[in-house]
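sequence unknown, structure follows:
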């Protein structure tokens, strides 16, 4: 599953307020609850699942990227949000570098297999240093969306 299939312009936060690992995840979860992408009554349950996941090993994969994720039996489809932090967040990443890009996603338990495909697609995209550079320099959400979903160039 491509990241561009999960995100739309309304699920991109250009400048996150959080400056620490856990508050960043809560900020993204609160966004999803406020927009109605996750039912408010299951917000705390999903946050607990995310905490349990983060306790195993940080989802900061390195190169300024974190991919917090979990499962929920309260969702019918994968839900995702992208957050950018220009200042960087200490996410206890594998390379100890600050995280500037956070892609949080929640997969319905019934679609467990999707999480590996989603993780792989996100990791593949963000291993490209040019993609990271362009996203860091992007001035608007449309620009970020275009970077995440590049249109093929056609020649005449």
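Arrived safely. Remember, it's a predicted structure, so these values are computed and weren't measured experimentally. Residues are numbered from 1 along each chain as shown.

any idea of the pLDDT on residue 39?
Note on residue 39: pLDDT of 90.

Could you pull up the residues touching it?
Residue 39 sits next to 33, 74 when contact means CB atoms under 8 Å, 6 or more residues apart in numbering. Any C-beta I mention is one placed from the backbone N, CA and C, and that applies to glycine too.

Which of the helices or strands spans the residue nearest in space to the middle of the chain?
By CA atoms, centre = their mean, the mean C-alpha position of the chain lies nearest to residue 103, the distance being 0.8 Å. Element membership for residue 103, per DSSP states H and E: strand 99-108.

Give me the sheet partners of that strand and which way each runs.
strand 65-66 (parallel), strand 69-72 (parallel), strand 79-89 (antiparallel) (DSSP bridges).

Against which helices or strands is the helix or strand where residue 48 lies packed?
Taking DSSP H and E as the criterion, residue 48 maps to helix 43-56. Under the contact definition 3 or more CB pairs under 8 Å, 6 or more residues apart in numbering; DSSP states H and E, helix 43-56 sits against helix 21-34, strand 69-72.

low pLDDT regions in this protein?
Scanning the chain for pLDDT under 70 picks out the ranges 1-2, 4, 150-156.
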